[in-house]
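Undergrad: Give me the fold of what follows.
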Amino acid sequence: MSADVLIELIELTRHLGVPEHEYVILGEGNTSARVDEETYWVKASGSSMVNIGPDGLVLTRFEPVLAMLEAGDLSDGQVKAKLIEAKADPAAPGHPSIEALLHALCLRLPGVTFVGHTHPTLVNAILCSERAEEATAGPVFPDEIVVCGPASAFVPYADPGIPLARAVWKSLTEFTDEHGESPKRVYIRNHGLIALGANSTEVKNITAMAVKVARIVVGAYALGGPRFMSAADIERIHTRPDEHRRRAKLIGAQSPD
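TA: Numbers count the residues shown, from 1 in each chain. As a prediction, the model looks like this:
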C-alpha cells in the first residue's frame, strides 16, 4: 500500500509543481499522503516539486512529529533533529520538510488522505494584501462550493514550523466546531494555500479552483468588491443531492445514492 500511495503522491507533487500553473517555483511548496495510522509520506526539505522522484519524499512517523507540538519551545536545530528522528527508515535519504508538522495535523482529519500546500501567485496576491481575510470570507459562485466546500479556514501569519502548525490546528479546530466538518481549503496569510483531499485528484481540483476563485475575486474588487453568496444559497448548493453526485464524480469517488 505504501508503494501505491507513494506513486500517487509523486504524480500529484509533479502536477502541482508544473511551472505553467504558477502554484510554486524553485523549492516552494510541499505535499503529503497518509499510508496508515502510523506513517505518512511527506516531501523532503529542499526538493523541487516539478521533477520529484521517490528520493524526494520521506516516510515519516506521526507520533514523534505530533509530540513536537506539545514539547514547548524548541530551537531550529532541535526541530530539525526531531524531524530526522521521525523518519520511518533512519537510512532513507533526505529529511522531512519543516511543514511536516502541519501535514501531520491535516492528515489526521476525517476523510483527508492527501494534502497539497502551495503558494499560487494569484492566491498570494490576495493573501499578501490588506484585505486577505475579507477577500476569502465566503464563496462567490456555486462550483466553488461544489469543489472547495461551503467555507474555508483562515490562518494568521505564523513562523513556519511549530508556530505555524499550532496556528493551523487552532484554525482547523475552530472551523470544525463551527461547521461540523473539516475544511477543504486553508488560507494562510502572507504564505499560501493548503488543499485537503480524500485523494490526489481532489487536491488538484481544489488547488485549481482556488486559483480561479482568486482571479475572480481580484477582478471583482475592480468593480466595487466581491458579492459573496448568501448563507441560504451556500447551504442549498452544499446539500443538493445532484451536486453531491457531481462532486463524487469529479474526484472519482462512488456517487452517493
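
Undergrad: Every contact and neighbour count from this point should use C-alpha atoms.
TA: Fine.

Undergrad: all strands of the chain, in order?
TA: Assigned strands in the chain, in chain order: 30-34, 39-43, 57-61, 114-118, 153-155, 185-188, 192-197 (criterion: DSSP state E).

Undergrad: Tell me the strands beside the longest one, with direction?
TA: In the sheet, strand 192-197 lines up against strand 114-118 (antiparallel), strand 185-188 (antiparallel) (DSSP bridges).

Undergrad: tell me the average confidence for the shortest one?
TA: Per-region confidence: strand 185-188 scores 98 on mean pLDDT.

Undergrad: and the strands paired with strand 192-197, which is most packed in?
TA: strand 114-118 (a mean of 28; mean count of other Cα atoms under 10 Å).

Undergrad: what's the angle between it and strand 39-43?
TA: 20 degrees (axes from the mean of the first three to the mean of the last three Cα atoms, to 10 degrees).

Undergrad: what about the protein, any weak spots by pLDDT?
TA: 1, 253-257 (pLDDT under 70).

Undergrad: What segments of it are helices?
TA: Secondary structure of the chain (DSSP state H): helices at 2-16, 62-68, 76-85, 100-107, 121-127, 132-135, 142-148, 162-179, 200-221, 231-239, 241-250.

Undergrad: now, of these, which is deepest in the fold?
TA: helix 100-107 (a mean of 26).

Undergrad: Which other helices and strands does that one contact?
TA: For helix 100-107, the elements it packs on are strand 30-34, strand 39-43, helix 62-68, strand 114-118, helix 162-179, judged by 3 or more Cα pairs under 8 Å, 6 or more residues apart in numbering; DSSP states H and E.

Undergrad: and residue 138, which of the ones you listed is closest to it?
TA: Closest to residue 138 of those, according to Cα to Cα: helix 162-179, at 13.0 Å.

Undergrad: chain center to the closest one: distance?
TA: Offset of helix 162-179 from its chain centre (Cα atoms, centre = their mean, to the nearest Å): 13 Å.

Undergrad: Only C-alpha atoms, please: export that helix in CSV.
TA: Extracted in CSV, the C-alpha atoms of helix 162-179 (Å, rounded to 0.1, in the frame of the first residue of the first chain):
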residue,chain,number,x,y,z
ILE,A,162,5.9,24.6,15.1
PRO,A,163,4.3,28.1,15.4
LEU,A,164,2.5,27.7,12.0
ALA,A,165,1.4,24.1,12.8
ARG,A,166,-0.1,25.3,16.0
ALA,A,167,-1.9,28.2,14.3
VAL,A,168,-3.2,25.8,11.6
TRP,A,169,-4.5,23.4,14.2
LYS,A,170,-6.3,26.2,16.1
SER,A,171,-8.0,27.3,12.8
LEU,A,172,-8.9,23.7,11.9
THR,A,173,-10.4,23.1,15.3
GLU,A,174,-12.5,26.3,15.2
PHE,A,175,-13.7,25.5,11.7
THR,A,176,-14.8,22.0,12.6
ASP,A,177,-16.6,23.2,15.7
GLU,A,178,-18.4,25.9,13.7
HIS,A,179,-19.2,23.8,10.5
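
Undergrad: Find the centremost residue of this structure, please.
TA: Note on the chain: the residue nearest the mean C-alpha position is residue 194, at 2.3 Å, using Cα atoms, centre = their mean.

Undergrad: Please tell me how far it sits from residue 132.
TA: Residue 194 is 15 Å from residue 132, where distance means Cα to Cα, to the nearest Å.
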